[in-house]
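> Here is a sequence with its predicted model. Questions after.
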Amino acid sequence: MARKHIRLGVEKLLEDQGHRIQGARLGLVCNQASVNHQLHHVADLLKEHQSADLRALFGPQHGIRGDVQDNMIETGHATDRETGLPIYSLYSAGKRTRVVCRPVLNSHPSRHDAGGVSEHVQRPLQDQLRA
């Protein structure tokens, strides 16, 4: 039996459907597992893609690349060393995410193709950006 190659959502988006994000100001909810088949981080792929206008990153307490810490202490906002984009911690004590991001992004994050992002991360972020 032949093995089938499973295409990840980001691969399909960037290879076949770049028009869907053309001209949109994007924010990405991600973590260290947000990679393609070649293990390139999704933030790097979107930043380099001609159709994407990636403006902000949102991540868990251990950072979007898994390099901040391994405990449950709240971390503040930062700048991604690879893309130069702002990273808004979903566990920041200040919870200033909605004030900073609302003018930057076109809309709030959706649940589309967010298989690795749990409900406890998605819902608070959506609520913050709607408020």
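That came in fine, so what should we check first? Numbering: from 1, shown residues only.
> Tell me which stretches of the protein form helices.
Applying DSSP state H to the chain gives helices spanning 9-16, 42-48, 97-101, 119-130.
> Show me what counts as buried in the first one.
Just to be clear, that refers to helix 9-16. If you call a residue buried by 16 or more other CB atoms under 10 Å, then helix 9-16 has these buried ones: 10, 11, 13, 14. C-beta: built from backbone N, CA, C; applies to glycine.
> and which of those residues is nearest residue 56?
For these, the residue nearest residue 56 by CB to CB is residue 10; the value is 16.8 Å.
> Next one: the residue nearest to the closest one when sequence neighbours are not counted from residue 89, what distance?
Closest residue in space to residue 10, ignoring its immediate chain neighbours: residue 42 at 5.1 Å, by CB to CB, 6 or more residues apart in numbering. Distance, residue 42 to residue 89, using CB to CB, to the nearest Å: 18 Å.
> cool, residue 38 as well?
27 Å.
> Show me which of these two is the more surrounded one.
residue 89 (23 against 7; other CB atoms under 10 Å).
> what are the bridge partners for that one, then?
Counting by DSSP bridges, residue 89 forms beta bridges with residue 59.
> so it makes contact with residue 76?
Yes. Taking contacts as CB atoms under 8 Å, residue 89 lies within contact range of residue 76: 6.1 Å.
> where does this structure dip in pLDDT?
For the chain, applying pLDDT under 70 flags the ranges 69-75, 92-131.
> can you give me the strands for it?
25-29, 53-59, 78-79, 86-89 (DSSP state E).
> Adding distance to residue 18 as columns, could you present the ones you listed in JSON lines?
Shown next, in JSON lines, are the strands of the chain (distance: least, CB to CB, whole Å):
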{"stretch": "strand 25-29", "distance to residue 18": "12"}
{"stretch": "strand 53-59", "distance to residue 18": "12"}
{"stretch": "strand 78-79", "distance to residue 18": "26"}
{"stretch": "strand 86-89", "distance to residue 18": "23"}
